[in-house]
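Colleague: Give me coordinates for this.
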Amino acid sequence: MESEVMNADGLLLFAHGARDPAWAAPFQAIAAELQQRQPTLPLALAYLELMTPDLPAAAGALVALGCKRIQIVPMFLGSSGHVRRDVPPLVEDLRRRHPGVLFLLHDAIGEQPSVIQAMAAATLELVSAVAPLPGALLTAPHDPAATSAGSATPAAPVPSLPHQP
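Modeller: Numbering: from 1, shown residues only. I've put the predicted structure just below:
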């Protein structure tokens, strides 16, 4: 196996981290799905804070497997302050620690068109699964009949769902 991994690419998923261990479940599921799809791909999941392993430890494990190029995918929805400000110096530190390894830092996963499309599709799937309220007016807001003078009615408040961290 070691000879198969030598000079191989490694994949490092990099998420924020949280105090609640359950928060990591979606990222662990993504890592498991990737391993199922590509079982020979050296893969690690690392966290910026509050969870382990951190980026240096996860990268070190991939380097120890013989990876000569490690692609880092920030598992963030957007290029937040962390992605723009905190991650690049961490990657530069990895490059200094492992000069024989090429570290490629990708854009935040949430900015990828396929992810945006998947999240939009999942959102529509969620909201379309909810039955309309009895007697609800099912008219699009841009429909002139719904917004014509004299027929406008104040919008009812939208109930909010409990916050799920």
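Colleague: in a strand, that's where L41 is, yeah?
Modeller: No. Counting by DSSP: H, G, I helix; E, B strand; the rest coil, L41 is not part of a strand but coil.
Colleague: Neighbours of the closest residue to it other than its chain neighbours, how many?
Modeller: Nearest in space to L41, with sequence neighbours left out and distances taken as C-beta to C-beta, 6 or more residues apart in numbering, is L11 at 5.8 Å. Backbone N, C-alpha and C define where each C-beta goes, glycine included. Using other C-beta atoms under 10 Å, L11 has 19 neighbouring residues.
Colleague: If you count contacts, what does the helix or strand that contains L11 end up packed against?
Modeller: Using DSSP states H and E, L11 sits in strand 9-15. Under the contact criterion of 3 or more C-beta pairs under 8 Å, 6 or more residues apart in numbering; DSSP states H and E, strand 9-15 touches helix 25-37, strand 43-47, helix 55-64, strand 69-74.
Colleague: Buried residues of the longest one, list them for me.
Modeller: For helix 25-37, a neighbour-count test (16 or more other C-beta atoms under 10 Å) marks 27, 30-31, 34 as buried.
Colleague: Okay, angle between that helix and strand 69-74 too, please.
Modeller: Counting by axes from the mean of the first three to the mean of the last three C-alpha atoms, to 10 degrees, helix 25-37 lies at 150 degrees to strand 69-74.
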